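Colleague: Sequence and computational prediction follow.
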Amino acid sequence: MRARRGFSLLELLWAMIIVSLLTGIAIPKLTDTIRRARAAAAVADIRVIYDGVTNYNAEYNSYPATAGMGVVPRALASYLPNNFKFVKTDYSLQYNNWTIYTYVSRRPTMTNIIGITIRARDARLTRIVQQLLATTPQFGSGTTATFIIIGL
Amino acid sequence: MTDPEDEGAPPPPAPTPAPVVLPEADNTSSQLDRARMLAEVMDYVIKVSTPTPMEIPRPKLWVPLLGFACMIFAFYSWGARPEWIWGPQPDAAQAQATRDAEMRFQMFLLAQRIFNYRREFGAVPDSLAQVGERIPGVRYEALTDTSFVLRYERGIPIILYSTDSMDDFLRNALDVVTAGKPK
């Protein structure tokens, strides 16, 4: 029997259908699922920091000072899990402490605002984190968002 | 008439039948039959052993149509990026009003950093690098030793003077920020 060369039209059409479905639905869905898993990890990190800050406040009745992006505040380090890092593969975190000096009548007792800023490589990751923490006071857009964990 | 002495003697044996000899014509017919049968068998063998051309199945109409539809769908998916496939798009629905309120709140927080610096050093900083915080698009200017102005000039301008009432400056910013994000 003669050896077959190439593909039949039918085979090519089926390959086209499968590739179209993969590129149209499966790949975006897969990347979105991966992104959601990473966003869930970021939310868990923010909750860990929140727990550390409240424990610190319970002991000292104050809050650690602001640290740079990706830097673990020295005062907070012992209130976080061992080897907890503010720099992750897909995003970095920043701890912020704003002391309020001006009077705002709608928040007369506002003295400190504590926020966690996330800066992700992918703006969609930041967006999903914002959705997962939808009830938390927050601002920001694009790759960066800040979540107010204490003070508002 | 029969001889009396012959009475009681066994009867003479019956004559042996002559051997059957097939006529010449029959022999010839049998050979022809055999030849015909052999020819039929040979014909059949030749017919069976001859390679028949392979029939290529023609694709049914719905297969190329489905392929075309899938391709159109793939182009649509990558072009329009529908949310049900790709998930939420960044900044897709963030209204101008929300951005304005969030910017006001960020500028308010930046102003607090500058007040903190003034409280610590007795004068406002020369640049935002000294307070270690900046907001993209926001310009800082020291007006006197104790006063400053923050200007955001992308889109609708927002200006914060250090002497302004923060209640007036913030407007509804606290409500917007506290409300979080719609799911």
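Modeller: Good, I have the coordinates.
Colleague: Tell me how many other residues crowd B:Arg151.
Modeller: Per other CB atoms under 10 Å in any protein chain shown, the neighbour tally for B:Arg151 reads 15. Where you see a C-beta, it was placed from the backbone N, CA and C, and this is true even at glycine.
Colleague: so it, which of the three states?
Modeller: Under the three-state scheme (DSSP: H, G, I helix; E, B strand; the rest coil), B:Arg151 adopts strand.
Colleague: mind checking how far it is from A:Leu93?
Modeller: Remark: distance between B:Arg151 and A:Leu93 (CB to CB, to the nearest Å) = 29 Å.
Colleague: residues touching the closest residue to A:Gly52 other than its chain neighbours, list them.
Modeller: In space, A:Gly52 comes closest to A:Tyr79 once its chain neighbours are excluded; the distance is 3.7 Å by CB to CB, 6 or more residues apart in numbering or on different chains. Taking CB atoms under 8 Å, 6 or more residues apart in numbering or on different chains as the criterion, A:Tyr79 is in contact with A:51-53, A:55-56.
Colleague: Count the neighbours of residue 31 for me.
Modeller: If you meant another chain, say so; for now it's chain A. A:Thr31, neighbours per other CB under 10 Å, totals 14.
Colleague: Oops, wrong one, chain B.
Modeller: B:Gln31: 9 neighbours (other CB under 10 Å).
Colleague: cool, B:Pro51 as well?
Modeller: Counted with other CB under 10 Å, B:Pro51 comes out at 7.
Colleague: That one falls within a helix, correct?
Modeller: No - counting by three-state DSSP, B:Pro51 falls outside a helix, being coil.
Colleague: ok, it to chain A distance?
Modeller: From B:Pro51 across to chain A, the span is 9 Å (CB to the nearest CB, to the nearest Å).
Colleague: In ChimeraX, how would I select just the buried ones from the contacts of A:Tyr79?
Modeller: Command for ChimeraX, covering only those of these found buried under the criterion 16 or more other CB atoms under 10 Å in any protein chain shown:
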select /A:52,53,56
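Colleague: what's the closest of the contacts of A:Tyr79 to A:Thr33?
Modeller: Set against A:Thr33, the nearest of the contacts of A:Tyr79 by CB to CB is A:Asp51 (27.4 Å).
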